[in-house]
Structure formats: structure tokens, C-alpha cells
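> using only what follows, build the 3D model:
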Amino acid sequence: MPHTGWSARGITGIWPSTMSETTQRQLGQTDSPIEDELEDAFSRMLSEGTQRLHRTWRGVLVTGFFGGTEVGIGVLAYLAVLDATHRPLVAGVAFSIGFLALLLGRSELFTEGFIIPVVTVAAKRASLPQLFKLWGGTMFANLVGGWVIMWLIITGFPELHAQTIESATHFATAPLSGQSMALAVLGGMVITLMTRMQHGTDSVPAKIAAAVAAAFLLAGLRLFHSILDSLLIFGALATGKAPFGYLTWLGWFAYTVVGNMLGGLLFVTLLRLLRSKDRLEEERADAESS
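Residues are numbered from 1 along each chain as shown. Next comes the predicted model:
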């Protein structure tokens, strides 16, 4: 009786040992050393990353400003629901409005630049100065846009002043410690993972689900996020009654940025670069030869 199906000895060199690059190319639908779905995601990230990293200063600043103002709408939803229910997890779901605005409005936060632009630079499709321009310009514009929208929110909703101060104080007055750094690392990891999940699919409902899930974790569990929580702090400062000042915010912001970068780059981006090492080397070779 002829043997059918796969077996441990069915194809020499595939099972149980690690699959060679040649075998991967033969099994996949594309001529790539990585799996087809990973190849699709890799190509999408390179295409988008190249465009983002070659923006003009005006493009970087305007896109970043929109990111700050649009995610501020999510902060408004978060504060309104938290004030009404006193349930952070429910308010975290409401905050997803901000991430949906970022997704569908094509704006971005500084912390969304920890995977796609980095992969693009690693593939030699852009330079480190371009990466630093994107990071620095987006961060600055996020904060400016966030300050503006929070001033409008505080002016328009005086009934949210007390809740804003309470929420902001939780972050601004947190000392540098193992716990606060861990929360910052987790915050960076969550938003970078959200970005990766959204670029791993063409399905809009799946992208929306990733945004809602990340918002639930970030806002609902009060993870430390350098931009999102800065908006809360700016709102509290705009009331004129906050028990802290801008210098206190700056100290918190400094270590939170470091933690966010560690979480995104180390726990999400670096591991995925290692998984796609062969494909990355191909892209680097193509860039050097062109």
C-alpha cells in the first residue's frame, strides 16, 4: 500500500531538523527565505517605512501634530467614562477611540516608530539620521498637539478637572523604581505589538481589534506611555490646580521614554529582526548593489 501524507522521514532535511533556506523557498509560494505571511508583512513594513522615513520636516511635524490631537479624543473618552463609572478597564475600552483615530486618520505617535522605521533602516532603505528625524519630530509634534487638545478639553469640560488631576497625579508623581520602569517597558511593548499586529493583516476589522486590545491594556491597566500619559498630565497642569509642575512631568517623561523604547525595540522589534534575518540580509544586499 503506497504511503501518503507527511512523516518525520518524508522529506530529507526538513523534519525534525531546522528547515534550510532552500527548503523554505521551495515550500512557500514566494521565493523568500521566510514564510509567506511573514514575507507579506515584511514587504508592507518596508514599503510604509520607506515612505515615512523620507517625509519632509513639514510632513513629519504635521503628521505628528495630528497624532497628538487625535489621540487626545481618546483621552477625552477615557476621562469621561472613568469619571462616570470609576472603572479603569471600561474607560480603557473607551480610550480605543484614540487609537482608531490614529489608524483610520493615518496619523501617528512617536512610539509607533519602534518597528516599521527600524526595520526599514536595518534593511538599508533609509538612514539613521532619517530615523532620528522621524522620532524627534514626531515626539515634539505629538506633545504640542496633545497640549493644545488638552487645553481645549479642560476649558470645555470643567466637570472633568478633578478626574484629570487624579489620573495625571498617578503618573507624574511616580518615582523611578523597578515597578515604574516595568510599566514603561510593558507600555512600549504593547503599542509596538499593536503596530506589528496591524501590519500583519489586510483586514480592517482585525486592525480595529488590535487597536481596541492595545487600548484596553495601556489605558485600562494604566501602563506608562510617554505620549498618552503626558496628555493627562498636560490636562491637569492646564487646570492650574495640579500638585506638580512641568519639571516633575519632565523627570517622569525622561525615564518613561527610555522604558517605552526598551519595551518596543527589545521585546518586539529585535526578536522579529532575528526571525527574518535571512530576508533582511537579502534586502541589505539589494540596497548595497543598487
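> so what's the closest residue to residue 244 other than its chain neighbours up against?
Leaving aside its chain neighbours, residue 244 sits nearest to residue 172 (4.9 Å; criterion: Cβ to Cβ, 6 or more residues apart in numbering). (Each C-beta comes from the backbone N, C-alpha and C, glycine too.) Residues in contact with residue 172 (Cβ atoms under 8 Å, 6 or more residues apart in numbering) are 233, 236, 242, 244, 248, 249, 252.
> could the residues you listed go into CSV alongside neighbour count, pLDDT and distance to residue 276?
CSV is the format used below for those (neighbours: other Cβ atoms under 10 Å; pLDDT from 0 to 100; distance: Cβ to Cβ, whole Å):
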residue, neighbour count, pLDDT, distance to residue 276
233, 28, 99, 37
236, 27, 99, 42
242, 22, 98, 45
244, 18, 98, 43
248, 16, 98, 41
249, 21, 98, 38
252, 24, 98, 35
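> so which of these is the closest to residue 82?
The nearest member of the contacts of residue 172 to residue 82, counting by Cβ to Cβ, is residue 236 at 13.7 Å.
> contacts for the helix or strand hosting the closest one, please.
Using DSSP states H and E, residue 236 sits in helix 228-239. Residues outside helix 228-239 that contact it (Cβ under 8 Å, 6+ apart) are 68, 71-72, 75, 79, 98, 109, 143, 146-147, 149-151, 153-155, 161, 164-165, 167-169, 171-172, 218-219, 242, 244-246, 249, 252-253, 256.
> which ones among the residues you listed map onto helices?
Mapping those onto helices (DSSP state H) picks out 68, 71-72, 75, 79, 98, 143, 146-147, 149-151, 153-155, 161, 164-165, 167-169, 171-172, 246, 249, 252-253, 256.
> buried subset of the contacts of helix 228-239?
Neighbour counting by 16 or more other Cβ atoms under 10 Å classes 68, 71-72, 75, 79, 98, 109, 143, 146-147, 149-150, 153-154, 161, 164-165, 167-169, 171-172, 218-219, 242, 244, 249, 252-253, 256 among the contacts of helix 228-239 as buried.
> any chance of the contacts of residue 172 in JSON lines with distance to residue 52 as columns?
Output for the contacts of residue 172, formatted as JSON lines (distance: Cβ to Cβ, whole Å):
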{"residue": "233", "distance to residue 52": "27"}
{"residue": "236", "distance to residue 52": "32"}
{"residue": "242", "distance to residue 52": "35"}
{"residue": "244", "distance to residue 52": "34"}
{"residue": "248", "distance to residue 52": "33"}
{"residue": "249", "distance to residue 52": "28"}
{"residue": "252", "distance to residue 52": "28"}
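> roughly how far out does the helix holding residue 236 sit from the chain middle?
Relative to the chain's own centre, helix 228-239 is displaced by 20 Å; criterion: Cα atoms, centre = their mean, to the nearest Å.
> with stretch 83-95 instead?
Averaging C-alpha positions (Cα atoms, centre = their mean) puts stretch 83-95 21 Å from its chain's average.
> so which bits of that stretch are buried?
83, 88, 90, 91, 92, 93, 94, 95.
> pLDDT score assigned to the residue nearest to residue 244?
At residue 172, the model reports a pLDDT of 98.
> so it versus residue 187, what's the distance?
15 Å (Cβ to Cβ, to the nearest Å).
> equivalent analysis for residue 241, please.
According to Cβ to Cβ, residue 241 and residue 187 sit 27 Å apart.
> between these two, which is the more surrounded one?
More crowded of residue 241 and residue 187, by other Cβ atoms under 10 Å: residue 187, with 28 against 11.
> OK, contacts around that one?
Counting by Cβ under 8 Å, 6+ apart, residue 187 makes contact with 111, 218, 223, 224, 225, 226, 256, 259, 260, 263.
> show the pLDDT at it.
Listed pLDDT for residue 187 reads 98.
> now it: which helix or strand?
Assigned by DSSP H and E, residue 187 falls in helix 178-198.
> just want the angle from whichever helix or strand comes after that helix to helix 228-239.
Under the assignment DSSP H and E, the closest C-terminal helix or strand after helix 178-198 is helix 204-215. Here the directions of helix 204-215 and helix 228-239 differ by 60 degrees (axes from the mean of the first three to the mean of the last three Cα atoms, to 10 degrees).
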